[in-house]
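Engineer: 3D, please:
(chains A and B)
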Amino acid sequence: MSDEPSFNLFQQQEANRRRTTWLVIGFVLFFAWLGFGGDFIVAGFTAGAEPGAYRHAFPWIGVALTGLGAGLAAYAYRTGPEKVLWATGAKEVRTPATDDERRLVNVVEEMAIAAALPRPRIWIVPDPDPNAFATGQDPPRANVAVTAGLLAMLDRDELQAVVGHELGHIKSYDTRLMTTLAALVGAVALISDGVSRSIFRGGIRGGMRVGGGRGGKGKNAGGLLVVLLVVWLISWMLAPIITQLLAMGVSRKREFLADALSAQFTRNPLALAGALEKIEHAHAPTKAIKRGAAHLCIADPLGRRLDNREGLLADIFATHPPMGKRVARLKGMGYARLKQQGDLPT
Amino acid sequence: MGWFLLILVAVVVFWVIAAYNGLIALKNQTFNAFKQIDVQLKRRHDLIPNLVNAVKGAMEFERETLEAVIQARNQAVKIQADASPTGGVKALAAAEATLGAALSRLNVVVEQYPQLKATANIGQLQEELASTENRVAFSRQMYNDTATQYNTKQQQFPTNLVAGLAKATIAELWEIEDQAERQTPKVDLSMKPKA
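Structural biologist: Sure thing, here's the model as predicted:
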């Protein structure tokens, strides 16, 4: 057994902790830019106002928005996992009732032993399409969720391999980064919708009136202020797109690593290859899992065709690597193992 | 010159502390991994009487198979009591392999009794048993990986210089003794009807 995955694992854990920190810092900085940028614009427009009229001296928009950003980031980081689980309608398996549930609980506990992780909480998403995801800030607070379709479709070895893949994400702290990202994407999308609506209703008209009044005097650099205003408004509208791009960019490479970790835990890469092929052939979109959590799943729940392409565009926009490539790598590992044991059919 | 010596001594002292602590951490991980196997073996040993009781009634004439299982189980329990990474792993591995072989023979027999399999209880017990076998295998895998890391570390230069200080000794690996487990299963293609 090569120890390459474990070497990568350590780097991956460090990188994920670091990236999560930067993600949160970037999120707060973006809010600060929105807030203080707004302050600067308003201050510029009111600087030449007559004595007695309103002057924007204290940057209260910036302070308020930065505070809001920090609060949102903290809230998203803390409650991200429950929000993701809630959004998919997953139900926790506390005491297994059916044979399928018992099997799932057993398989998760077995893989937790193999991965030397504490047993995560186990959830089932009521959806007939096979898929699975993991969420949680760190291993002691981790969750593993699989769809009902996955339970029905896979045999024991394949289920084991898929659970091993998810535990690989937990072990490498992928789940911390991905869950925080999912929660932030949700928060930004919600706020941006609300804000861009109110800007287009009232904000622009109000701003134009002030700007028009000042334009007559024409002393200050009004042109610069207008450019700044435009950039500022665009960054409000771009926020959801940028966060989406982030979500798509981060998850492609780590799927390969989680596949490799699964193979390391189960010592059976061919089972994961079989499971991925079954998941791929089912192909129906997983309706319970929406866009915001797509990058958390073992296979893209939206069934986007872009995932199967390669190149720069796909690397940026697709959340998952081509399924064929993943299966090919796993089969490569499997045959290497068989060869080692001298069991390769000739 | 004095400064140079001082720095050299400080570097050596720090290295000794780091190497010593690293070895102790690995040693504890190895013992912890072995404890994990212990937990899973106990689960396996506790499960077997239940399984035997559940199938006993319907399998009067398979008494030999059942007795082999019970005997192997009792033997394994006895050996498990005084096994640790520093000794007795081999004996325990052999005892557990015998038990595993007896269990798989029992499983083959159970498969021949469809009416027995149909009762929900047996199905559940079989799932529990399959899961327990996996847990034993995975904890064994974890133990072997950790113990190998520990063994390699204490043999490698220059860490081997502090191995005596840390009272590090080679941990026994859990090797599969049973020949049947190593061999690939032979497929019988003669299509002879089974007795």
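Engineer: and A:Arg18, how many neighbours?
Structural biologist: Neighbour count of A:Arg18, defined by other CB atoms under 10 Å in any protein chain shown: 12. Every residue, glycine included, has its C-beta placed from N, CA and C.
Engineer: Let me know the helix or strand that it is in.
Structural biologist: Here A:Arg18 sits within helix A:4-46, counting by DSSP states H and E.
Engineer: same question, A:Gly67
Structural biologist: If you go by DSSP H and E, A:Gly67 is part of helix A:60-88.
Engineer: and that helix, what other elements does it pack with?
Structural biologist: Using 3 or more CB pairs under 8 Å, 6 or more residues apart in numbering or on different chains; DSSP states H and E, the elements in contact with helix A:60-88 are helix A:4-46, strand A:132-135, strand A:143-147, helix A:174-198.
Engineer: Of these, which stretch is the most buried?
Structural biologist: strand A:132-135 (a mean of 29; mean count of other CB atoms under 10 Å in any protein chain shown).
Engineer: neighbouring contacts of that strand?
Structural biologist: Strand A:132-135 has contacts (CB atoms under 8 Å, 6 or more residues apart in numbering or on different chains) with A:80-81, A:84-85, A:88, A:120, A:142-147, A:150, A:162-163, A:165-167, A:169-170, A:174-175, A:178-179, A:182, A:289, A:293, A:296-298.
Engineer: CA atoms only: put that strand into CSV for me.
Structural biologist: Taking Å, rounded to 0.1, in the frame of the first residue of the first chain, the C-alpha atoms of strand A:132-135 are listed here in CSV:
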residue,chain,number,x,y,z
ALA,A,132,-24.6,10.9,-0.9
PHE,A,133,-22.9,13.8,0.9
ALA,A,134,-21.1,14.6,4.1
THR,A,135,-21.2,17.8,6.1
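Engineer: so where does the most centrally placed residue in chain B fall, helix or strand?
Structural biologist: Central residue of chain B (CA atoms, centre = their mean): B:Arg140, 4.0 Å from the mean position. B:Arg140 is part of helix B:120-155, with elements assigned from DSSP H and E.
Engineer: can you give me the angle that helix makes with helix A:4-46?
Structural biologist: For helix B:120-155 against helix A:4-46, the angle by axes from the mean of the first three to the mean of the last three CA atoms, to 10 degrees is 90 degrees.
Engineer: so which of the helices and strands packed on helix A:60-88 comes closest to B:Leu173?
Structural biologist: Nearest to B:Leu173, of all these, is helix A:4-46, at 18.1 Å by CB to CB.
Engineer: near chain B, anything from that closest one?
Structural biologist: No. Helix A:4-46 stays clear of chain B (CB under 8 Å from any CB of the partner chain), getting no nearer than 8.9 Å.
Engineer: Just confirm the residue nearest to the centre of chain B contacts B:Ala147, I think it does.
Structural biologist: No. Using CB atoms under 8 Å, B:Arg140 is not in contact with B:Ala147, being 10.3 Å away.
Engineer: Quick one: neighbours of the closest residue to B:Ala166 other than its chain neighbours, just the number.
Structural biologist: Excluding the flanking residues, the one nearest B:Ala166 by CB to CB, 6 or more residues apart in numbering or on different chains is B:Leu23, at 4.1 Å. Residue neighbour count, defined by other CB under 10 Å, stands at 21 for B:Leu23.
Engineer: Chain B: helices as residue ranges?
Structural biologist: B:2-56, B:63-80, B:89-111, B:114-118, B:120-155, B:179-182 (DSSP state H).
Engineer: remind me which residues of the chain are low pLDDT?
Structural biologist: Since you didn't name a chain, this refers to chain A. Filtered on pLDDT under 70, chain A yields the residue ranges A:1-8, A:49, A:189-222, A:240, A:243-252, A:283-284, A:290-292, A:303-319, A:340-346.
Engineer: meant chain B actually
Structural biologist: For chain B, the stretches with pLDDT under 70 are B:59-61, B:117-120, B:177-195.
Engineer: Point out the residues in it that sit beside chain A.
Structural biologist: By CB under 8 Å from any CB, the part of chain B that sits against chain A consists of B:33, B:36, B:40, B:123-124, B:127-128, B:130-131, B:134-135, B:138-139, B:141-142, B:145, B:184.
Engineer: who are the neighbours in contact with the nearest residue to B:Gln40 once chain neighbours are set aside?
Structural biologist: Spatially, and ignoring its direct neighbours in sequence, B:Gln40 is nearest to B:Arg135 (4.3 Å; CB to CB, 6+ apart). Contacts for B:Arg135 (CB under 8 Å, 6+ apart) come out as A:Glu109, A:Glu110, A:Ile113, B:Gln40, B:Arg43.
Engineer: from memory the last one sits against B:Ser131, does it?
Structural biologist: No. Assessed by CB under 8 Å, B:Arg43 is found out of contact with B:Ser131, at 9.1 Å.
Engineer: Show me which of these two is the more surrounded one.
Structural biologist: With neighbours defined as other CB under 10 Å, B:Arg43 and B:Ser131 compare such that B:Ser131 has more, 21 against 14.
Engineer: sorry, back to before: which other helices and strands does the helix holding A:Arg18 contact?
Structural biologist: Going by 3+ CB pairs under 8 Å, 6+ apart, helix A:4-46 lies up against helix A:60-88, helix A:174-198, helix A:204-215, helix A:222-250, helix A:252-266.
Engineer: and it with helix A:60-88, angle?
Structural biologist: Orientation check (the same axes, to 10 degrees): helix A:4-46 against helix A:60-88 gives 140 degrees.
Engineer: Identify the residue spatially nearest to residue 151, adjacent ones excluded.
Structural biologist: In the absence of a named chain, this looks at chain A. Going by CB to CB, 6+ apart, A:Leu151 has A:Asp100 as its nearest residue, at 4.7 Å.
Engineer: That was the other one, I meant chain B.
Structural biologist: B:Ile170 (5.3 Å).
Engineer: OK, contacts around the one you found?
Structural biologist: Contacts for B:Ile170 (CB under 8 Å, 6+ apart) come out as B:Asn151, B:Gln154, B:Gln155.
Engineer: re earlier: can you name the next helix or strand after the helix holding A:Gly67?
Structural biologist: Using DSSP H and E, the helix or strand that directly follows helix A:60-88 along the chain is strand A:91-92.
Engineer: and the following helix or strand past that following strand, what other elements does it pack with?
Structural biologist: Per DSSP H and E, the first helix or strand lying C-terminal to strand A:91-92 is helix A:99-115. With contacts taken as 3+ CB pairs under 8 Å, 6+ apart, helix A:99-115 sits against strand A:121-125, helix A:148-153, helix A:156-171, helix A:252-266, helix B:120-155.
Engineer: again, only this time at 6 Å
Structural biologist: Contact analysis of helix A:99-115 by 3 or more CB pairs under 6 Å, 6 or more residues apart in numbering or on different chains; DSSP states H and E lists helix A:156-171, helix A:252-266, helix B:120-155 as its packing neighbours.
Engineer: Turn these into TSV, columns for distance to B:Gly87.
Structural biologist: Below are these laid out as TSV (distance: least, CB to CB, whole Å):
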stretch	distance to B:Gly87
helix A:156-171	32
helix A:252-266	29
helix B:120-155	13
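Engineer: Thanks a lot, catch you later.
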